[in-house]
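Participant: Generate a structure from the sequence data that follows.
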Amino acid sequence: MPYDRQRLRIGRLLTYIALGAWALVCAFPLYWLVLASIKPVSELSRPPSYVPFLDFMPSLAAWKFILADPAENLLLSFVNSIVIGCAASMTSLLVAGLALYGITRIPARRRLGRLPGGRALLMLILSARVVPPVVLALPMYVLAQQSGLLDSRSLLVGVYAAINLPVAVWLLMPVFGQRPTEQEEAALIDGASHGAIFFSVLLPMLLRPMAVTGLFLFALCWNEYLFAAYLSYEHAQTLPPWMAGQLSMKEAQAGGEAEELSHMAAAVILMALPALAPAAAVHRLIASSLASLPPRLRS
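Facilitator: Residues are numbered from 1 along each chain as shown. Predicted coordinates:
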């Protein structure tokens, strides 16, 4: 037995060492971007240096340029991405939750969900997300232009919420289960309406798994490029098309490569931070969300 325990400890130690080494490999590009964003321009053309204050003196010139220069549109695009991503994610969650509540809790809808047509309807919902986005981009552009909604935040919120609704439905389907919980049945016997049960009883029980789903939807909205590029150009422009436009302009320019590299590194860091925060939150919530589900919701 002691020999087996020693082998187990050595195996765990080697596993942790391997995982730590791989984590350093994955994190090094992000660390390099941080260094590039705070290095003086003169340091970028020299041999690599990796320790601030020892190998070089940090400079915030690149951050001041992308955040304060009036010619740059980064802050507006950053705010647009935050507002549109949050609003679209919350809309998708709400609509998906109400749809699943109707299918799994209301008796007539529950019978429909058990029929072959009901299952076909759920498959149709998923297939709407499988359709290539480029097929929908041009019709949406024409509709937005004729309705006067082109380059508006409300348009992108509606489009993002619609294209991510199938994802929300299929992620929340096992969470909602196929029948009401004891708490919902007790509230229904006491005379509570379906709206009160949904918002006051069911949502508090499913808060963590819905938060995980919402963070995942936010990541999808944050990285969406095609619809943002087609449906916005100035007022409602988000970060992905802004970044693609900056890269294309930098390729056409000659000279100043080191300075532009510093600016782009700072912009990439600013773009990555809101995506890294939900990823860390999802990692913490996934395990705890499963343990917090009522037993009947796990079936």
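
Participant: measure Leu60 to His235 for me?
Facilitator: When distance is defined by Cβ to Cβ, to the nearest Å, Leu60 is 29 Å away from His235. Any C-beta I mention is one placed from the backbone N, CA and C, and that applies to glycine too.

Participant: for Pro40, same thing?
Facilitator: For Pro40, the distance to His235 equals 35 Å [Cβ to Cβ].

Participant: between the two, which one's more packed in?
Facilitator: Neighbours were counted for Pro40 and for His235 using other Cβ atoms under 10 Å; Pro40 has more, 16 against 11.

Participant: List the buried residues of the helix or strand encompassing Leu94.
Facilitator: Assigned by DSSP states H and E, Leu94 belongs to helix 74-105. Neighbour counts over helix 74-105 (16 or more other Cβ atoms under 10 Å) mark 74, 77-78, 80-82, 84-89, 91-94, 96-97, 99-105 as buried.

Participant: One more: stretch 20-39?
Facilitator: 33-39.

Participant: how close does the residue most central in space within the chain get to Pro29?
Facilitator: Centroid-nearest residue in the chain: Ala219, 1.0 Å away (criterion: Cα atoms, centre = their mean). Using Cβ to Cβ, Ala219 is found at 19 Å from Pro29.

Participant: Ok, Leu156 next?
Facilitator: 29 Å.

Participant: what's the answer for Lys39, then?
Facilitator: Lys39 sits at a distance of 15 Å from Pro29 (criterion: Cβ to Cβ).

Participant: which SS state does Ser49 fall under?
Facilitator: Here Ser49 is coil, with the state taken from DSSP: H, G, I helix; E, B strand; the rest coil.

Participant: returning to that earlier point: okay, buried residues for the helix or strand where the residue nearest to the centre of the chain lies please.
Facilitator: Ala219 is part of helix 207-222, with elements assigned from DSSP H and E. For helix 207-222, a neighbour-count test (16+ other Cβ under 10 Å) marks 208-222 as buried.

Participant: ok, so of those residues, who is nearest Gln145?
Facilitator: Gln145 lies nearest to Cys221 out of those, by Cβ to Cβ, at 22.3 Å.

Participant: That closest one: what's it in contact with?
Facilitator: Going by Cβ atoms under 8 Å, 6 or more residues apart in numbering, Cys221 touches 81, 84-85, 88-89, 160, 164.

Participant: now with 6 Å?
Facilitator: In this structure, Cys221 makes contact with 85, 88, 160, judged by Cβ atoms under 6 Å, 6 or more residues apart in numbering.

Participant: could you measure it against Arg9, distance?
Facilitator: Distance of Cys221 to Arg9, computed by Cβ to Cβ: 44 Å.

Participant: Fine, thanks again, bye for now.
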